[in-house]
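Enquirer: what follows is a predicted structure for the sequence shown.
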Amino acid sequence: MRNGSQRKASRDRFDLVVAGGGDGTVNEIVHGLMDLPPERRPVFGIVALGTANDFASGCGIPADPKQAFELCARGRAAVIDVGKANDRYFINAASGGFGATPHRPNSSDSSVVRPTP
């Protein structure tokens, strides 16, 4: 939702923006919305079509696209917290260093790690 789409959303003052995608798509839309003045930010609906859909599932958004669209059209908007680290917004988690894959020592040498099965 950057650049052209963001300007259009700001100019036309949409009431609702619905994104179909995963956590990466949600992140990009959040960045576009946060660049808008607060009074011009539309409600943001999510249809979870990604791999993990961590944010959507944590919010109770149905995995079924038809049910998710119904929720976007008829559901009640909820206010969520948006964090910012340097110039990056986040709504679900912020991390640095290792990702979310748990690791354990590969041997008695604790400097060698491998993903936990």
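Expert: Happy to help now that I have it. Numbering: from 1, shown residues only.

Enquirer: which outside residues touch the longest helix that the chain contains?
Expert: Longest helix in the chain, counting residues (DSSP state H): helix 23-34. The list of residues contacting helix 23-34 from outside it, by Cβ atoms under 8 Å, 6 or more residues apart in numbering, reads 1-2, 5-6, 9, 17, 19, 41-42, 44, 46, 49-50, 52-56, 82, 84, 88-92. Glycine gets a C-beta too; all of them are placed from N, C-alpha and C.

Enquirer: stretch 71-89 now?
Expert: Here stretch 71-89 makes contact (Cβ under 8 Å, 6+ apart) with 16, 18, 27, 30-31, 34, 43, 45-47, 59, 61-62, 90-91, 94.

Enquirer: switch the cut-off to 7 Å
Expert: Contacting residues not belonging to stretch 71-89 are listed as 16, 18, 30, 31, 34, 43, 45, 61, 62, 90, 91, 94 [Cβ atoms under 7 Å, 6 or more residues apart in numbering].

Enquirer: noted, bye for now.
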